[in-house]
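**Student:** Sequence plus predicted model, see below.
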Amino acid sequence: MSALFLNPPSYEGFDGGAGSRYQARREVRSFWYPTWLAQPAALVPNSKLLDCPPHDIGLSECLKIVKDYDFVIIHTSTPSLRNDCKVAEAIKAQKPSTLIGFVGAHPAVLPEETLKTSEAIDWVGHKEFDYTCKEVAEGRPMSEIKGLSYKKDGKIVHNPPRELIQNMDDLPWVVDVYKRDLDIERYTIGYLKEPYLSLYTGRGCPAQCIFCLWPQTIAGHKYRTRSPENVAAEMAYAKKLFPQVQEYFFDDDTFTANMPRAREIAKKLKPLGLTWSCSSRANVTYETLKVMKDCGLRLLMVGFESGNQEILNRIKKGITIEQAKQFVKDCKELDIDIHGTFILGLPIESPETIEETIRFAMELDVFTIQVSLAAPYPGTELYEMAKANGWLAKNDNIVREDGLQDAALEYPTISREEIYEAVDRFYRQYFLRPKPILRIIKTMLEDKEVCVRRLREAYEFFTTLHERKKEWQCSCKTTTEAAVS
């Protein structure tokens, strides 16, 4: 069967693809690579990967492409499910014989509910779905395929689970699929050099953070890794395929979880002369940081989450405030940039803990930051805690109708409107200071292309903040009117 791996058209600028952990439209136009779809696509001969949002492909153009395929695998998520079902229904209306499967975190934890969402969905994949997709595309009977739920005679059948992949070197590289099907110039992340390229060197994460999506829904808590030799070989190959790439990003949940391995990979990358970055926890030793820096590391993406130790303990972050401060100090000494991520609305937030986190972020003063709203995805411990304690807001949508993140949690100590408003305040207090402004101006003066990019991002950033503020004001007005009536 001819197979199409599809990230469907969605909201303008919506990064809901098969590489985005938290699906939403961001403050500046950002797109992660659809690695979770590229991997099974690499297993299926003559398949195609169609990533609609970054390529500005709308529904009509998408349908023209899809009609040539018998088998369509759609990557979906909790925020995008309704939209993705509409796309699936349009595909079925055009060509009823098309076999449509849904994969991703949402169907992995809610297979029956996902199948019931739309008549257009024929099957869904559980957890790691690489070989599940391959076997469906080969035309095997669905009853014989592990890790799959499907419809049969009006009923839903759940097959036995598929074992997680243990030897990650068995999987083919994704860069050939990137080269064949993607325009890499369309992928951008604000804190990475352009053009960039991201991929995984392993799956799973030993950390127990209650909000994190992939380890709790698909990949598990055991860090299953590719060998350093395998990673270095793909990077050497990628360098030949994409000479224009300025930076490579290792998108593992925590690339530094195995520090000896991280050092070994770094040493094997050094002869290639690549600039690379990766995800990290704030517990990496100075020795490891130095080795990685000496071998081409430029930036670490680090989840600090909160400036309140009690919240960090509640979410099982496994990091102390003092550890984070020492880690940032070490990185600055070694000239390693940090993109710090923070989350507002974690259990149990209050106006005081938000102010604590803002002060903490300003004290760390890392190169750039991202402020997100706590997202209680089904399948995560955060979701179960929220249900058990009554923290889910009445409007518990993870994203709004325009694709921006929404505040889905509230507590006795703080309303969802207050949490939502704090994102705007956090950004303004952090970035509208002399140090961050001077850092950004310096990068603009050093490179004309960077200057143009930063001006575009500034426009998008402040436009989004303005939208957020208007939304918050409308929410406050509605709440007040409801209380009066």
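**Tutor:** Good, I have the coordinates. Numbers count the residues shown, from 1 in each chain.
**Student:** Which stretches in the stretch 201-350 of the chain count as helices?
**Tutor:** Taking DSSP state H, counting those that start in this stretch as the criterion, the stretch 201-350 of the chain carries its helices at 213-214, 228-241, 259-269, 286-294, 309-314, 321-333.
**Student:** any idea which of the ones you listed is most buried?
**Tutor:** With neighbours taken as mean count of other CB atoms under 10 Å, the helices of the stretch 201-350 of the chain reach their highest mean count in helix 213-214, at a mean of 22. To be clear about C-beta, it is placed using only N, CA and C from the backbone, and glycine gets the same treatment.
**Student:** Which residues are in contact with the nearest residue to C205 once chain neighbours are set aside?
**Tutor:** Distance criterion CB to CB, 6 or more residues apart in numbering; nearest residue to C205, sequence neighbours excluded, is D253 at 3.7 Å. Neighbouring residues of D253 by CB atoms under 8 Å, 6 or more residues apart in numbering: 203-205, 207, 212, 214-215, 219, 279.
**Student:** In strands, which of those residues appear?
**Tutor:** Counted as lying in strands by DSSP state E, out of the contacts of D253, are 203, 279.
**Student:** Please list only the buried members of the contacts of D253.
**Tutor:** 203-205, 207, 212, 214-215, 219, 279 (16 or more other CB atoms under 10 Å).
**Student:** E421: what secondary structure?
**Tutor:** Secondary structure assignment for E421 (DSSP: H, G, I helix; E, B strand; the rest coil): helix.
**Student:** still on that earlier bit, could you export the contacts of D253 as a markdown table, including pLDDT and distance to R416?
**Tutor:** Putting the contacts of D253 into a markdown table (pLDDT from 0 to 100; distance: CB to CB, whole Å) gives the following:
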| residue | pLDDT | distance to R416 |
| --- | --- | --- |
| R203 | 96 | 33 |
| G204 | 95 | 32 |
| C205 | 95 | 28 |
| A207 | 94 | 27 |
| C212 | 94 | 21 |
| W214 | 92 | 26 |
| P215 | 93 | 26 |
| A219 | 93 | 30 |
| S279 | 96 | 28 |
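**Student:** what's the closest of the contacts of D253 to M385?
**Tutor:** Set against M385, the nearest of the contacts of D253 by CB to CB is C212 (13.7 Å).
**Student:** per-domain residue ranges of the protein.
**Tutor:** 3-158, 189-475 (automatic domain parsing).
**Student:** N167 is nearest to which of those domains?
**Tutor:** That would be domain 189-475 among those, by CB to CB, at 8.4 Å.
**Student:** Turn the contacts of D253 into TSV, including distance to P376.
**Tutor:** Listed next are these as TSV, based on distance: CB to CB, whole Å:
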residue	distance to P376
R203	23
G204	21
C205	19
A207	18
C212	12
W214	15
P215	16
A219	19
S279	22
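**Student:** quick check, nearest of the contacts of D253 to D447?
**Tutor:** S279 (25.3 Å).
**Student:** How about the contacts made by the closest one?
**Tutor:** 250-256, 300-302.
**Student:** low-confidence ranges in the stretch 251-400 of the chain?
**Tutor:** Scanning the stretch 251-400 of the chain for pLDDT under 70 picks out no residues.
**Student:** what's the most buried one of the domains of the chain?
**Tutor:** Among the domains of the chain, domain 3-158 has the highest mean neighbour count (mean count of other CB under 10 Å), at a mean of 20.
**Student:** Endpoints of it, how far apart?
**Tutor:** End-to-end span of domain 3-158 (CA to CA, to the nearest Å): 23 Å.
**Student:** Run the chain-centre distance for that domain.
**Tutor:** Using CA atoms, centre = their mean, to the nearest Å, the mean C-alpha position of domain 3-158 is found 16 Å from that of the whole chain.
**Student:** any idea how far the closest residue to L274 other than its chain neighbours is from L241?
**Tutor:** Nearest in space to L274, with sequence neighbours left out and distances taken as CB to CB, 6+ apart, is G296 at 5.2 Å. Per CB to CB, to the nearest Å, G296 is found 18 Å from L241.
**Student:** which residues are contacting stretch 51-61?
**Tutor:** 6-10, 13-17, 31, 34, 37, 50, 62, 65, 87, 90, 181-183, 186-187.
**Student:** Buried residues, stretch 157-175. List them.
**Tutor:** Result for stretch 157-175 [16+ other CB under 10 Å]: buried residues 159, 162, 165, 168, 171-175.
**Student:** what mean pLDDT does it have?
**Tutor:** Averaging pLDDT along stretch 157-175 yields 97.
**Student:** ok so, going back, can you put the helices of the stretch 201-350 of the chain in a markdown table and add distance to L81?
**Tutor:** What follows is the helices of the stretch 201-350 of the chain, written out as a markdown table (distance: least, CB to CB, whole Å):
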| stretch | distance to L81 |
| --- | --- |
| helix 213-214 | 14 |
| helix 228-241 | 32 |
| helix 259-269 | 35 |
| helix 286-294 | 38 |
| helix 309-314 | 28 |
| helix 321-333 | 35 |
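**Student:** So which of the contacts of stretch 51-61 sit within helices?
**Tutor:** 37, 62, 65, 87, 90, 181 (DSSP state H).
**Student:** Nearest to K469 among the residues you listed?
**Tutor:** Nearest member of these to K469, counting by CB to CB, is V87, at 31.8 Å.
**Student:** how about the nearest residue to the closest one once chain neighbours are set aside, what does it touch?
**Tutor:** Among residues not flanking V87 along the chain, P8 sits closest, at 4.1 Å (CB to CB, 6+ apart). The contact partners of P8, taken as CB under 8 Å, 6+ apart, are 52, 62, 74, 80, 83-84, 87.
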